[in-house]
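Q: what follows is a protein structure lacking sequence information:
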């Protein structure tokens, strides 16, 4: 049996990508991506949890990210988890985990992209105005 290291994320950029070039001229871009989920706790109160992911893209994807991605943009990223060690300013060795993206797709932003709002309705969302933060609620007693 072989191993698998694959990550699929869709979320919003926390800030504009930072595009740099290695000493040999290879483009590399980094950005943070937020993924959020909402759920009801045992008391029935709606809770939200946001995870932040550090994304690294190389070569052509880095150039595309630097040119087209902006803070708040919805993006799909596919890649792998990779760790790297570095020394902090205080001299302490640390480990960072990043998603090295091999594929990236900019998701439609809705009316700004010329799409009617109704087409952007998430699967399972009720008809009517679209709430970009909609996440379908899961029942606790759904049969498995």
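A: Looks like it arrived, so ask away. What you see is a predicted model; the values in this text were computed from it and never measured.
Q: what comes up buried for stretch 42-61?
A: 53, 55, 56, 57, 58, 61 (16 or more other C-beta atoms under 10 Å). Quick note: C-beta positions are derived from backbone N, CA and C, even for glycine.
Q: how about stretch 16-25?
A: So for stretch 16-25, counting by 16+ other C-beta under 10 Å, buried means 17, 19.
Q: circling back to that earlier point, what about the buried residues of stretch 42-61, which are in helices?
A: residue 61 (DSSP state H).
Q: for the buried residues of stretch 42-61, work out which two are farthest apart.
A: 53 and 58 (16.5 Å; C-beta to C-beta).
Q: so which of the buried residues of stretch 42-61 are in strands?
A: 53, 55, 56, 57, 58 (DSSP state E).
Q: I'd like those as a markdown table, with distance to residue 27 and pLDDT appended.
A: Shown next, in a markdown table, are these (distance: C-beta to C-beta, whole Å; pLDDT from 0 to 100):
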| residue | distance to residue 27 | pLDDT |
| --- | --- | --- |
| 53 | 20 | 95 |
| 55 | 14 | 96 |
| 56 | 11 | 95 |
| 57 | 9 | 95 |
| 58 | 7 | 96 |
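Q: from these, which is closest to residue 82?
A: residue 56 (7.9 Å).
Q: do you have the strands of this protein handy? List them.
A: Counting by DSSP E, the strands of the chain are 7-13, 18-21, 27-40, 46-58, 74-87, 93-106.
Q: out of those strands, nearest to residue 66?
A: Of all the strands of the chain, strand 18-21 comes closest under C-beta to C-beta, at 3.3 Å.
Q: elements contacting the closest one?
A: strand 27-40, helix 59-68 (3 or more C-beta pairs under 8 Å, 6 or more residues apart in numbering; DSSP states H and E).
Q: and it, how far from the chain's centre?
A: How far strand 18-21 lies from its chain's middle: 19 Å, per C-alpha atoms, centre = their mean, to the nearest Å.
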